[in-house]
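Enquirer: just a sequence and a predicted model for now, questions to come.
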Amino acid sequence: MSGYVITYFPLRGRAENIRLLLGDQGATWEEEEVQMQDWKSGNLKKEAVFGQLPKFKDGDFVLYQSNSILRYLGRKYDIAGGSNQESALIDMVNDGVEDLRLKFARAIFYEPETKDKYEADLPNHFSAFERILSQNCNGTKYLVGDKISYADYNLLDLLQTHLALFPACLSTFPLLTAYIDRITSRPKLSEYLNSDARKNRPMIPKR
Ligand SMILES: N[C@@H](CCC(=O)N[C@@H](CS)C(=O)NCC(=O)O)C(=O)O
């Protein structure tokens, strides 16, 4: 066993990009599921550095903040850039994914009255990622460089979440559409994506 443990609610949510990375890199991990009532009543929230999950353990090493976890694993699996500049570009793209994730969360969970406006605005957000892809090997590879990086798993997760909620949202983005097909057909990732564990895990909380 790898000694990895993901502690999170029984959801894909903010832990799924970590799972995609681990699955594709051929790693195994344990899931420690926290039910909301236990989270609210127990000590877990108090113990969490910023009072939130996911929490990630690599043996005795404990880490919070999903993007820090992605970067940690990115360095560990050598998928965080081959030079300082390449790493900076990967960080930049990942920050762009985080910005969109926050807007998504606001529109879907906190201000549902803005959902239609958010959907109408999606092409403005996706066009940035389509352009980034087009500038790297004409969109035939990854976001940065010629091998996958932790930012690709983060973007893939966010795009898949959007597709589930807004099925036509990528219809005018051929490079992003092909990118999803290309990444999801990687053998180990495809095995994880087709696993019961993944399929049975809800994408977002039921409302
Ligand atoms: N910036 C944090 C955000 C984590 C976060 O928003 N976690 C939510 C679930 S997705 C949470 O723990 N909610 C319960 C709470 O805040 O009490 C990260 O990326 O890990």
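Expert: Perfect, I can see it now.

Enquirer: is stretch 40-58 in proximity to the ligand?
Expert: Yes - using CB under 6 Å from any ligand atom, stretch 40-58 reaches the ligand at 45, 51-54. Where you see a C-beta, it was placed from the backbone N, CA and C, and this is true even at glycine.

Enquirer: so how do I select the buried members of those in ChimeraX?
Expert: ChimeraX command restricting those to the buried ones, with burial defined by 16 or more other CB atoms under 10 Å:
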select :53,54
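
Enquirer: closest one to the ligand out of the residues of stretch 40-58 next to the ligand, please.
Expert: Distance to the ligand across the residues of stretch 40-58 next to the ligand (CB to the nearest ligand atom) is lowest for residue 52, with 3.2 Å.

Enquirer: residues contacting the residue lying closest to the closest one once chain neighbours are set aside?
Expert: Of all residues not flanking residue 52 in the chain, residue 64 sits nearest, at 7.2 Å (CB to CB, 6 or more residues apart in numbering). Residues in contact with residue 64 (CB atoms under 8 Å, 6 or more residues apart in numbering) are 48-50, 52-56.

Enquirer: which stretches in the protein count as strands?
Expert: For the chain, applying DSSP state E gives strands covering 4-8, 30-33, 55-58, 61-64.

Enquirer: with distance to residue 92 and mean pLDDT added, can I get the ones you listed in JSON lines?
Expert: JSON lines is the format used below for the strands of the chain (distance: least, CB to CB, whole Å; pLDDT from 0 to 100):
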{"stretch": "strand 4-8", "distance to residue 92": "26", "mean pLDDT": "98"}
{"stretch": "strand 30-33", "distance to residue 92": "31", "mean pLDDT": "98"}
{"stretch": "strand 55-58", "distance to residue 92": "23", "mean pLDDT": "98"}
{"stretch": "strand 61-64", "distance to residue 92": "22", "mean pLDDT": "98"}
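
Enquirer: reformat those as CSV; add distance to residue 100.
Expert: Output for the strands of the chain, formatted as CSV (distance: least, CB to CB, whole Å):
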stretch, distance to residue 100
strand 4-8, 21
strand 30-33, 26
strand 55-58, 22
strand 61-64, 21
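
Enquirer: relative to residue 78, which of these is closest?
Expert: Judged by CB to CB, the one of the strands of the chain that comes nearest to residue 78 is strand 55-58, at 15.6 Å.

Enquirer: neighbours around residue 185, how many?
Expert: 10 (other CB atoms under 10 Å).

Enquirer: to clarify, my last question referred to residue 97.
Expert: 23.

Enquirer: in space, what's closest to it - neighbours in sequence excluded?
Expert: residue 154 (4.6 Å).

Enquirer: residue 23 now?
Expert: Nearest one to residue 23, counting by CB to CB, 6+ apart, is residue 192 at 2.9 Å.
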